[in-house]
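>>> build me a model:
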Amino acid sequence: MKQPELGKMISELRKQKGLTQEDLVEKCNISVRTIQRIEAGEVSPRSYTLKIILDVLGYDLERMKEEFDLTEKKLFSLQNIFHL
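Numbering: from 1, shown residues only. Next up is the predicted model:
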């Protein structure tokens with residue numbers, strides 16, 4: 001999954017939960033600028049940051065892999081992006 005797609009997915013999940021970026025910041029203990037940059041597709045979050053965000057949003061990495069129907073090649077690419 002490319003970074004802009006991930007950022008869009010996080011933004012959509014956050015909005016589905018009725019959370020603002022500030023709400024997510026408080027729940028994740030991550031800076032608002034980091035959340036903004038992730039959602040804008042400007043940066044790739046570190047694996048632990050991604051796991052924290054997805055946990056707060058009630059979504060896990062395994063589910064994300066399944067829903068995006070990743071092949072082994074894409075999974076390898078995802079692991080390299082997020083250093084998993």
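>>> where does this protein have low pLDDT?
Under the criterion pLDDT under 70, the flagged ranges of the chain are 1-3, 65, 67-84.
>>> helix, strand or coil for residue 45?
Under DSSP: H, G, I helix; E, B strand; the rest coil, residue 45 falls in the coil class.
>>> just confirm it contacts residue 38, I think it does.
Yes: between residue 45 and residue 38 there is a contact under Cβ atoms under 8 Å: 5.2 Å. No exception for glycine: its C-beta is placed from N, CA and C like everyone else's.
>>> which neighbours do the two have in common?
Common contact partners of residue 45 and residue 38 (Cβ atoms under 8 Å, 6 or more residues apart in numbering): 6, 53.
>>> helices along the chain, start to end?
3-16, 21-28, 32-39, 47-56, 61-67, 72-82 (DSSP state H).
>>> now these in JSON lines, with mean neighbour count?
What follows is the helices of the chain, written out as JSON lines (neighbours: other Cβ atoms under 10 Å):
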{"stretch": "helix 3-16", "mean neighbour count": "16"}
{"stretch": "helix 21-28", "mean neighbour count": "16"}
{"stretch": "helix 32-39", "mean neighbour count": "18"}
{"stretch": "helix 47-56", "mean neighbour count": "17"}
{"stretch": "helix 61-67", "mean neighbour count": "13"}
{"stretch": "helix 72-82", "mean neighbour count": "13"}
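>>> residue 59 against residue 13, yeah?
Yes: if you go by Cβ under 8 Å, residue 59 and residue 13 touch, sitting 5.7 Å apart.
>>> which residues are common contacts for those two?
With Cβ under 8 Å, 6+ apart, residue 59 and residue 13 have no common neighbours.
>>> and residue 52, what does it touch?
Contacts of residue 52 (Cβ under 8 Å, 6+ apart): 28-30.
>>> in a markdown table: those residues, plus distance to residue 18.
Listed next are the contacts of residue 52 as a markdown table, based on distance: Cβ to Cβ, whole Å:
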| residue | distance to residue 18 |
| --- | --- |
| 28 | 16 |
| 29 | 20 |
| 30 | 19 |
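>>> just give me the closest of those residues to residue 4.
Among these, residue 30 lies closest to residue 4 (Cβ to Cβ), at 19.1 Å.
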